[in-house]
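> quick one: sequence plus predicted model below, questions after.
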Amino acid sequence: MIEWKCIFFTELTPQELYSIIRLRNEVFVAEQNCVFQDADNKDQQCFHLCGWDNHNLVAYARLIPEGVIYNEVSIGRVVTSPAYRNKGAGRALIEEAIEKCKLIFGKKNIKIGAQLYLKKFYESFGFRQRGEIYIEDGIEHIKMMLTIV
């Protein structure tokens, strides 16, 4: 059972922040072999959605206000712990992230920069591709938009 917690950056405890950084590094840097500057000075302006199984961070996403990265609200740094993959944690994370974005930011469209191989996954939530494939940190990405009515 995943317990969800969504809080603004300044409310994160040192332990929560450490768990977030650790998971992001484990997947984005070590697993995906992608050397990039994860600390981009945007975390401080965002809400942080964490899925916990006891004290283990299972899934995480950054909820980004409009104007920080895109003109639209965004969901970024989406990551699931390798130990919890193929158990529905990623799907639960995106469902929770969409609902929290609506609650926090209002009924506004959500734009993401998705890794290309996850296109069908995001389409299953209603996201649609906007634009061409581009390379970010050596990985193919596409911009996608979820229209909120």
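Sure thing, it's come through.

> from here on, contacts and neighbour counts on C-alpha atoms
Noted.

> most residues in a single helix of the chain, which one?
For the chain, the longest helix by residue count, based on DSSP state H, is helix 89-105.

> what's the offset of the helix or strand following that helix from the middle of its chain?
Downstream of helix 89-105, the next assigned helix or strand under DSSP states H and E is strand 110-115. How far strand 110-115 lies from its chain's middle: 9 Å, per CA atoms, centre = their mean, to the nearest Å.

> stretch 28-48 too?
In this view, stretch 28-48 has its centroid 10 Å away from the chain centroid, taken as CA atoms, centre = their mean.

> centre of the chain to the longest helix of the chain, how far?
The chain centroid and the centroid of helix 89-105 are separated by 9 Å under CA atoms, centre = their mean.

> same for it, what does it pack against?
If you count contacts as 3 or more CA pairs under 8 Å, 6 or more residues apart in numbering; DSSP states H and E, helix 89-105 packs onto strand 56-64, strand 73-80.

> now for the longest one, which elements pack on it?
Where contact means 3+ CA pairs under 8 Å, 6+ apart, strand 56-64 is packed against helix 14-24, strand 47-53, strand 73-80, helix 89-105.

> next, the buried residues of the longest helix of the chain.
Buried residues in helix 89-105, defined by neighbour count with 16 or more other CA atoms under 10 Å: 89, 90, 91, 93, 94, 96, 97, 98, 100, 101, 102.

> from the rest of the structure, what touches that helix?
Contact partners of helix 89-105, identified using CA atoms under 8 Å, 6 or more residues apart in numbering, comprise 2, 6, 49, 51, 58-61, 63, 65, 73, 75, 79-80, 107-108, 125.

> if you rank every helix and strand of this protein by mean pLDDT, what lands last?
Ranked by mean pLDDT, DSSP states H and E, the weakest helix or strand in the chain is strand 134-136, scoring a mean of 91.

> so what touches the following helix or strand past it?
Following strand 134-136 in sequence order, the next helix or strand is strand 139-146 (DSSP H and E). For strand 139-146, the external contacting residues (CA under 8 Å, 6+ apart) are 109-116, 126-135.
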